[in-house]
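> Prediction below, plus the sequence it came from.
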Amino acid sequence: RIPNWLVASAAALGLIAHAVQHGLGGVTFALAGIGLAFACMLPLWFMRMMGAGDVKFMAAVGAWVGTQLVLQSMILAALLGGAIALAMMLGRGNWSAVRANFGVMALKFSNARSAFSDIGSVGSLSQSNGAMPYAIPLSLGTLCVLVCKMTGWWEGI
């Protein structure tokens, strides 16, 4: 669980830091990062595929890194999350539950009614395979993107 006071403080500090450094343009930069993170993550929360804490966490990250880096962080986090989930499945060796969960996810995305139902929610799927706190890949993805940005290792970032 990610406490609300922590993510609210992080987002507020990001807004303040950018406002002090860049004035109104900095506030716009931070608010755009928050808005993009919410826009990308909130549908996953509505579909019960992600916790609200993860949505708020990425919004706070968006206040610090802006739109371009928050989007790249979320993309890398999705890839890292898949790799971590695969490693967890291999470690547990419960492939029958994994196959069943893929079937549930296919059903979830088959129509709008099931997409926003409890079918395939984090709570229901975590009972069979356990749950991975998504803040871990979100944090790792953000850290990797920031390191690449600061070192100039990947010019596309």
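Yep, it's here. Residues are numbered from 1 along each chain as shown.

> and the longest helix along the chain, average pLDDT?
In the chain, taking DSSP state H as the definition, the longest helix is helix 52-92. Helix 52-92 shows a mean pLDDT of 91.

> What is it packed up against?
helix 4-22, helix 24-46, helix 122-129, helix 135-151 (3 or more CB pairs under 8 Å, 6 or more residues apart in numbering; DSSP states H and E). C-beta here means a position set from N, CA and C on the backbone, and glycine is covered the same way.

> Can I get the ones you listed in TSV including mean pLDDT and mean neighbour count?
As requested, the helices and strands packed on helix 52-92 are exported to TSV (pLDDT from 0 to 100; neighbours: other CB atoms under 10 Å):
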stretch	mean pLDDT	mean neighbour count
helix 4-22	96	15
helix 24-46	94	18
helix 122-129	57	14
helix 135-151	93	17
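
> now for the ones you listed, which one comes closest to Q72?
helix 135-151 (4.9 Å; CB to CB).

> Tell me, how many residues neighbour K56?
23 (other CB atoms under 10 Å).

> now it: how far from M89?
The spacing between K56 and M89, counted by CB to CB, to the nearest Å, is 28 Å.

> With V61 instead?
The value you get for V61 to M89, if CB to CB is used, is 27 Å.

> and the two? which has more neighbours close in?
Set V61 next to M89 and count neighbours by other CB under 10 Å: V61 wins out with 28 against 16.

> Let me see the contact set for the residue lying closest to the more buried one once chain neighbours are set aside.
Leaving aside its sequence neighbours, V61 sits nearest to T142 (CB to CB, 6 or more residues apart in numbering; 5.5 Å). Contact partners of T142, counting by CB atoms under 8 Å, 6 or more residues apart in numbering, are 61, 65, 69-70, 73, 77.
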